[in-house]
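**Student:** generate a structure from the sequence data that follows.
(one chain, ligands or ions: 2)
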Amino acid sequence: MKYACVGQSGLESSSNFPLLSNVLANPTAGEVAISSEQMVYDVVLKQASLVKRKLSSSSELEVKPEIVLPGNLSLLSEAYDRCGEICAEYAKTFYLGTLLMTPERRRAIWAIYVWCRRTDELVDGPNASHITPTAMDRWESRLEELFQGRPFDMLDAALSDTVAKFPVDILPFKDMIEGMRMDLKKSRYKNFDELYLYCYYVAGTVGLMSVPVMGISPHSEATTESVYNAALALGISNQLTNILRDVGEDARRGRVYLPQDELAQAGLSDDDIFAGKVTDKWRNFMKSQIKRARMFFDEAEKGVTELNEASRWPVWASLLLYRQILDEIEANDYNTFTKRAYVSKAKKLLSLPMAYARSMVPPSRKLPHVMKA
Ligand SMILES: CC(C)=CCC/C(C)=C/CC/C(C)=C/CC/C(C)=C/[C@@H]1[C@@H](COP(=O)(O)OP(=O)(O)O)[C@]1(C)CC/C=C(\C)CC/C=C(\C)CCC=C(C)C
Ligand SMILES: [Mn+2]
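**Tutor:** Ligands and ions are numbered 1, 2, ... in the order given. Predicted coordinates for the structure are as follows:
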């Protein structure tokens, strides 16, 4: 059966899918039209059931014992240390947050971070103009190899060890590569449905990769699916924020990630983006985009408390810090053409104890059913 993705306005709510409607529109003959959100939700369900199955079939906790040859042990620990250094260099606050996690979880998250960073660098880094589809295919083959225990280099070896120890599936990794491929060949997004899929590929996937390592609290009564859904929402909200912050920078590279149909509805076009003038039309457009990004952050909040206690702080910190970029965009009068919205050091510092306080809140218990008099 063939599936066709369809467009959605993206701001309405529906019962099955938390933030979007699942409208079927204009499928061509022989196709069943499903929205990007439905496609991505299927991935969430698959990941959640996979992790449940793997955990219930294993008699140990999540971490498998080390079976390594004596010489390899120190090589592996060097590889993880290098991942930690890279993480500290690129994402200091997040790195600090990981220090609260258990050593196994912490180094596994570093290994995932480094693989994501390297994947992003392929299309965003200094050599991006030389990256061909073949290079992406080779990167994907390397991924498959490392999942089968045959890493190509030291950093891959750390991830190879991580995926052997935690119930991490290859699909979100492959999907991230797919997102980078999309970035190479696509510079416009017809509607929010197309943009949603892109955001899932490049950022929602990070949530799906991280939860099996971070772990869900043993006290959580939430369903695994709902926690994965929140993780996905955090990735989407971060990426939407990233896009709103970088409108000017992306336009200078010939890229417009904003949904074309919503721009048109607001009376705007690519030319307005390239001209970079803050008008009332632009302000109104940005207000609705910010509102949507905040809805995804709200959705993400519901899941953070359900994570293992030691994993909550870095996630809260990342959520609070990234969400404040939206406040800064507002404070800059929506000028994301020439001003980069950033959160000051003072505000960042203030957010850290706030994140810590939130991370102390245990998962909520379902109230026992109370009979009405
Ligand atoms: C605690 C935490 C944040 C863990 C995630 C660690 C991790 C593996 C991060 C990888 C990030 C990465 C390098 C992704 C590659 C693609 C990319 C660059 C995406 C953008 C990140 C922001 O980076 P930056 O501002 O540096 O962007 P530029 O390249 O400079 O443009 C993204 C916007 C998305 C990153 C997505 C997340 C951080 C989502 C994390 C979600 C979770 C950890 C799930 C938490 C669980 C629940 C239940 C809420
Ligand atoms: Mn990037």
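**Student:** so which elements touch the lengthiest helix in the chain?
**Tutor:** The longest helix of the chain (DSSP state H) is helix 280-304. On a contact count with 3 or more Cβ pairs under 8 Å, 6 or more residues apart in numbering; DSSP states H and E, helix 280-304 meets helix 224-245, helix 260-265, helix 309-331. C-betas here are computed from N, CA, C, even on glycine.
**Student:** what sits up against the second one?
**Tutor:** Identification of contacts with helix 260-265 by Cβ atoms under 8 Å, 6 or more residues apart in numbering yields 7, 9, 188-192, 256, 269-270, 272-273, 285, 288-289.
**Student:** distance to ligand 2 added to the helices and strands packed on helix 280-304, as JSON lines?
**Tutor:** Below are the helices and strands packed on helix 280-304 laid out as JSON lines (distance: least, Cβ to the ion, whole Å):
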{"stretch": "helix 224-245", "distance to ligand 2": "7"}
{"stretch": "helix 260-265", "distance to ligand 2": "21"}
{"stretch": "helix 309-331", "distance to ligand 2": "14"}
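**Student:** deepest of the ones you listed, which one?
**Tutor:** Counting by mean count of other Cβ atoms under 10 Å, helix 224-245 has the highest mean neighbour count of the helices and strands packed on helix 280-304, with a mean of 24.
**Student:** tell me the mean pLDDT over that one?
**Tutor:** Across helix 224-245, the average pLDDT comes to 97.
**Student:** now tabulate the helices and strands packed on helix 280-304 in JSON lines and tack on distance to A88.
**Tutor:** As requested, the helices and strands packed on helix 280-304 are exported to JSON lines (distance: least, Cβ to Cβ, whole Å):
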{"stretch": "helix 224-245", "distance to A88": "20"}
{"stretch": "helix 260-265", "distance to A88": "38"}
{"stretch": "helix 309-331", "distance to A88": "13"}
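**Student:** quick one on the thing from earlier: among the contacts of helix 260-265, which ones are buried?
**Tutor:** 7, 9, 189, 191-192, 256, 272-273, 285, 289 (16 or more other Cβ atoms under 10 Å).
**Student:** out of these, name the ones that lie in helices.
**Tutor:** Secondary structure from DSSP H places 192, 272-273, 285, 289 of the buried ones among the contacts of helix 260-265 in helices.
**Student:** and which of those residues is nearest to L146?
**Tutor:** Nearest to L146 out of these is F192 (Cβ to Cβ; 34.1 Å).
**Student:** distance check, that closest one against M180.
**Tutor:** Distance of F192 to M180, given as Cβ to Cβ, to the nearest Å: 21 Å.
**Student:** same check on A231?
**Tutor:** Distance of A231 to M180, given as Cβ to Cβ: 20 Å.
**Student:** ok, K291 next?
**Tutor:** K291 is 28 Å from M180, by Cβ to Cβ.
**Student:** of those two, give the one with the bigger neighbour count.
**Tutor:** Neighbour count, other Cβ atoms under 10 Å: between K291 and M180, M180 has more, with 21 against 11.
**Student:** for that one, what are its contacts?
**Tutor:** Counting by Cβ under 8 Å, 6+ apart, M180 touches 119-120, 122-123, 136, 201-202.
**Student:** for the stretch 201-350 of the chain, what lies in contact range of ligand 1?
**Tutor:** With Cβ under 6 Å from any ligand atom as the criterion, the stretch 201-350 of the chain comes near ligand 1 at residues 202-203, 206-207, 210-211, 227, 230-231, 234-235, 238-239, 242, 300, 303-304, 307, 314-315, 318.
**Student:** the residue of the chain found nearest ligand 2: neighbour count?
**Tutor:** Closest contact between the chain and ligand 2, by Cβ to the ion, is at D124 (4.1 Å). Other residues near D124 come to 14 when the count uses other Cβ under 10 Å.
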